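Peer 1: Just a sequence and a predicted model for now, questions to come.
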2 protein chains.
Amino acid sequence: MLTERRATILGMVVSEYIQTAEPVSSRAIVANHHLDLSTATIRNELARLEDEGYITQPYTSAGRVPSDLGYRTFVEVLMSEDPVRAEEQRTIEHQMHQVGGGLDEWLSLSATILAGAVGNVAVVTRPRARASRLRNAQLVELNRDTALLVAVMDDGRVCQRMLTLRAPATQADLSDRAARLTARLEGVDASTVRALLAELTDADDAATARAIAELIDEERSAEETFLDGLSAVLKQPEFSDVDRMLEAVATLQAYRVRQLLEEAVGAVPGATRVVIGHEHGDDALQEWSVVLARYGDADALGTVAVIGPTRMPYHRTIPRVRYVAGLMSHLLHEVRQA
Amino acid sequence: MLTERRATILGMVVSEYIQTAEPVSSRAIVANHHLDLSTATIRNELARLEDEGYITQPYTSAGRVPSDLGYRTFVEVLMSEDPVRAEEQRTIEHQMHQVGGGLDEWLSLSATILAGAVGNVAVVTRPRARASRLRNAQLVELNRDTALLVAVMDDGRVCQRMLTLRAPATQADLSDRAARLTARLEGVDASTVRALLAELTDADDAATARAIAELIDEERSAEETFLDGLSAVLKQPEFSDVDRMLEAVATLQAYRVRQLLEEAVGAVPGATRVVIGHEHGDDALQEWSVVLARYGDADALGTVAVIGPTRMPYHRTIPRVRYVAGLMSHLLHEVRQA
DNA sequence: GGTTAGCACTCTCACGTCGAGAGTGCTAAC
DNA sequence: GTTAGCACTCTCGACGTGAGAGTGCTAACC
């Protein structure tokens, strides 16, 4: 049973360890928070906390280090969040408005800002529509028999694809075709586009429509992630040996990150979710934690996440992830709203 | 004076060191290439090569390591290139055609492929038009008073920007405006667009045209780089200590890479250029080499580069960089050709 | 029963020593 | 000009050691 006093002590161990990265000793605890207790009493309580699985010792007679359960308890009952104050909000929003561009620029920028704010790796995925639809298609002449198809989707994605034309066409022809197809295919999902293919007699019309259908459900929009903060996280003492560092770089490049983010499935926008160490299955990721939040609405969801060692300043990270996800929801709403 | 025999020996030192990363001893030289000479003779010649600055000793009585001058000589006169054989060409081209998408996807993919082929970091920049021009503009309604401007440039760039409208407009209005502006601004450079601004009486027409002008000469197209191969390069023995590795990650993230690539200024498409160690100015980059080639034509140039420690397999890297740059020129030509 | 002082015990870590090994430069002979 | 032989230099890993940090336990105390 976790008595109130032991809970307090656990909280101290966790926050101390998060701050210093050194195993926490009984002496450090009485020194930094004036409890009216001796180190011996603390040691007794620490022994109990260890029995109950909240903390561990790296070796006999070293200080204590939180276990995953310890962090979990910290996050859920002991910690008080460090809110994003008005000042910091202003800074973030100001940076966010520095760039005027499209969705991708916001995504990339938000990853950079978030990484800077929490000192760990930040990942932002492009929002993925449950079933996105075409909003507008345009064809641009590249040369006699090649055209660039630019399609804007209702979730704000802008996709492009090169098309080889059967019949040469002028820009006027192409614009005309794009207008015709937009009129017919706007607001329609991929399978419906495919159903309509039969009605298109012109070969190039059909090829264009087929390309549009492919662009609509191109998986890539889900895969693409914007990541920043790598060199910041590598400065953490957990990576002070070469093998760990290499492992970290390899883990954070591409493949694994996607697995980490699959934890996001089922999360609701507005809430943050924290996955700590062993709580995700993959062996290689057991020393990492992920704090994530989804943004967007029922039609298109993206993920904002921070990834770092389990020894992570959760009290700072969680509110910042939530805040940035909120900002992104807002921005996305502006873009989507028809 | 570099006699023929010393040149041969220098070549052996450099290739041996590139392969093993260990200082090369006189014994290693006679063991691996059957010269009819004793280690003592080799030692005499090594001493001469050291006097002349081609090689150095990490400490008294260790083997020899090439200096920047040694590498330079190797690259220019001693080395014979390891050509990209038909088999490998097929593999690369095959990977290249895996993805159907636009310019960005090609750029990103080519960086990945090149990094894999040479085992170092590869960087590809988006081609930058000397002065790019508008090919086509389209406006897409987002909500009552916001529209997305999508502009296609004659160098294949697709840019987007959100616009806030003074006067609400329907999609038909927007398409109409886009068509009008395209007709007027097509093939025109940024300063000319600005000159024409005065003629536009409608506030939203003017705002759109101004946005187009900004997109045309947005510097970002030059800055954006596609990079891959980080974790491969970190496995090289030169980064076997933590500080070096951190330094390497920091160097290769963003800022410095751009400086490295400035070496590209003035290079002509078709030729590769090699910058070794101290040959570029910045202190932090003195242990790095860059092999780069420009691609494209007179109107729009991009850069393909490989970055790695000075101990780099130049004989493999140079032909592969040249080959990929050639492929990119080809692809770009297809896209640009009007 | 909870709390605490005291103490023996354990484990890590930084430091210094030391010898093996690798490689050289030099000398003298060919 | 080439080469065998040898003394010399420097690195690097292994090993030992002692200081220091921190614990668990016991016994006394409130």
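Peer 2: That came through fine.
Peer 1: from here on, contacts and neighbour counts on C-alpha atoms
Peer 2: Will do.
Peer 1: any chance you could map the helices in the stretch 101-250 of chain A?
Peer 2: Taking DSSP state H, counting those that start in this stretch as the criterion, the stretch 101-250 of chain A contains helices spanning A:103-118, A:171-185, A:190-196, A:203-216, A:220-223, A:230-234, A:242-252.
Peer 1: Can I get those helices in JSON lines including mean neighbour count?
Peer 2: Formatted as JSON lines, those follow (neighbours: other CA atoms under 10 Å in any protein chain shown):
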{"stretch": "helix A:103-118", "mean neighbour count": "21"}
{"stretch": "helix A:171-185", "mean neighbour count": "17"}
{"stretch": "helix A:190-196", "mean neighbour count": "16"}
{"stretch": "helix A:203-216", "mean neighbour count": "20"}
{"stretch": "helix A:220-223", "mean neighbour count": "15"}
{"stretch": "helix A:230-234", "mean neighbour count": "22"}
{"stretch": "helix A:242-252", "mean neighbour count": "18"}
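Peer 1: export those to a markdown table and tack on distance to DNA strand D and mean pLDDT?
Peer 2: Output for the helices of the stretch 101-250 of chain A, formatted as a markdown table (distance: least, CA to the nearest atom of the strand, whole Å; pLDDT from 0 to 100):
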| stretch | distance to DNA strand D | mean pLDDT |
| --- | --- | --- |
| helix A:103-118 | 27 | 90 |
| helix A:171-185 | 67 | 89 |
| helix A:190-196 | 61 | 88 |
| helix A:203-216 | 54 | 90 |
| helix A:220-223 | 42 | 52 |
| helix A:230-234 | 24 | 91 |
| helix A:242-252 | 14 | 87 |
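Peer 1: want to throw the ones you listed into CSV with distance to B:Phe226?
Peer 2: Output for the helices of the stretch 101-250 of chain A, formatted as CSV (distance: least, CA to CA, whole Å):
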stretch, distance to B:Phe226
helix A:103-118, 14
helix A:171-185, 31
helix A:190-196, 31
helix A:203-216, 22
helix A:220-223, 17
helix A:230-234, 16
helix A:242-252, 17
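Peer 1: Go through those and name the closest to B:Arg294.
Peer 2: helix A:103-118 (26.2 Å; CA to CA).
Peer 1: That closest one vs chain B: in contact?
Peer 2: No - using CA under 8 Å from any CA of the partner chain, helix A:103-118 never reaches chain B; the gap is at least 8.8 Å.
Peer 1: Point out the other helices and strands that that helix packs with.
Peer 2: Packing partners of helix A:103-118 (3 or more CA pairs under 8 Å, 6 or more residues apart in numbering or on different chains; DSSP states H and E): helix A:86-96, strand A:121-125, strand A:225-228, helix A:314-336.
Peer 1: how about the ones you listed, which one is nearest B:Val13?
Peer 2: Minimum separation from B:Val13 across the helices and strands packed on helix A:103-118 (CA to CA) falls at strand A:225-228, 40.2 Å.
Peer 1: can you list the helices and strands packed on helix A:103-118 in CSV and add distance to A:Val306 and mean neighbour count?
Peer 2: Below are these laid out as CSV (distance: least, CA to CA, whole Å; neighbours: other CA atoms under 10 Å in any protein chain shown):
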stretch, distance to A:Val306, mean neighbour count
helix A:86-96, 16, 13
strand A:121-125, 4, 28
strand A:225-228, 10, 23
helix A:314-336, 7, 21
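Peer 1: picking that back up, can you tell which of the helices of the stretch 101-250 of chain A is closest to B:Glu214?
Peer 2: Using CA to CA, those put helix A:103-118 closest to B:Glu214, at 15.6 Å.
Peer 1: tilt between the closest one and helix A:314-336?
Peer 2: Here the directions of helix A:103-118 and helix A:314-336 differ by 170 degrees (axes from the mean of the first three to the mean of the last three CA atoms, to 10 degrees).
Peer 1: neighbouring contacts of helix A:103-118?
Peer 2: With contacts defined as CA atoms under 8 Å, 6 or more residues apart in numbering or on different chains, helix A:103-118 is touched by A:92, A:95-96, A:99, A:121-126, A:156-157, A:226-229, A:306, A:313, A:316-317, A:320-321, A:324.
Peer 1: let's see 6 Å
Peer 2: A:121-124, A:226-229, A:317 (CA atoms under 6 Å, 6 or more residues apart in numbering or on different chains).
Peer 1: Quick check: of the residues you listed, which lies closest to DNA strand D?
Peer 2: When these are ranked by distance to DNA strand D (CA to the nearest atom of the strand), A:Thr317 comes first, at 27.0 Å.
Peer 1: Give me the distance between the closest one and chain B.
Peer 2: Going from A:Thr317 to chain B by CA to the nearest CA, to the nearest Å gives 23 Å.
Peer 1: That residue: what's it in contact with?
Peer 2: Contacts of A:Thr317 by CA under 6 Å, 6+ apart are A:Val118.
Peer 1: Looking at the helices of the stretch 101-250 of chain A, which is nearest to B:His280?
Peer 2: Among the helices of the stretch 101-250 of chain A, helix A:230-234 comes nearest to B:His280, with 23.8 Å by CA to CA.
Peer 1: Check the offset of that closest one from the chain's centre.
Peer 2: Averaged C-alpha coordinates place helix A:230-234 at 16 Å from its chain's average position (CA atoms, centre = their mean, to the nearest Å).
Peer 1: Packing partners of that helix?
Peer 2: Helices and strands touching helix A:230-234, as assessed by 3 or more CA pairs under 6 Å, 6 or more residues apart in numbering or on different chains; DSSP states H and E, are absent.
Peer 1: Wait, a helix at A:Leu301?
Peer 2: No - counting by DSSP: H, G, I helix; E, B strand; the rest coil, A:Leu301 falls outside a helix, being strand.
Peer 1: contacting residues around A:Thr146?
Peer 2: A:Thr146 makes contacts with A:163-165, as judged by CA under 6 Å, 6+ apart.
Peer 1: Is it bridged to anything, and to what?
Peer 2: For A:Thr146, the beta-bridge partners under DSSP bridges are A:Asn143, A:Thr164.
Peer 1: which sections of the stretch 51-200 of chain A are below the confidence cut-off?
Peer 2: A:100-101, A:130-131 (pLDDT under 70).
Peer 1: The residue of it found nearest chain B and DNA strand D, how far apart?
Peer 2: In the stretch 51-200 of chain A, no residue comes nearer to chain B than A:Asn143, which is 4.2 Å away by CA to the nearest CA. For A:Asn143, the distance to DNA strand D (CA to the nearest atom of the strand, to the nearest Å) stands at 60 Å.
Peer 1: what's around that residue, how many residues?
Peer 2: A:Asn143 has 19 neighbours, counted by other CA atoms under 10 Å in any protein chain shown.
Peer 1: Check A:His97 too.
Peer 2: Neighbours around A:His97, by other CA under 10 Å: 11.
Peer 1: Just want the phi and psi numbers for it.
Peer 2: Torsion angles at A:His97 (phi, psi; degrees, to the nearest 10) stand at phi -90, psi 0.
Peer 1: for A:Arg64, same thing?
Peer 2: The phi/psi pair for A:Arg64 (degrees, to the nearest 10) is phi -100, psi 150.
Peer 1: again, but for the one 10 residues further on
Peer 2: When quoted as degrees, to the nearest 10, the phi and psi of A:Phe74 stand at phi -60, psi -50.
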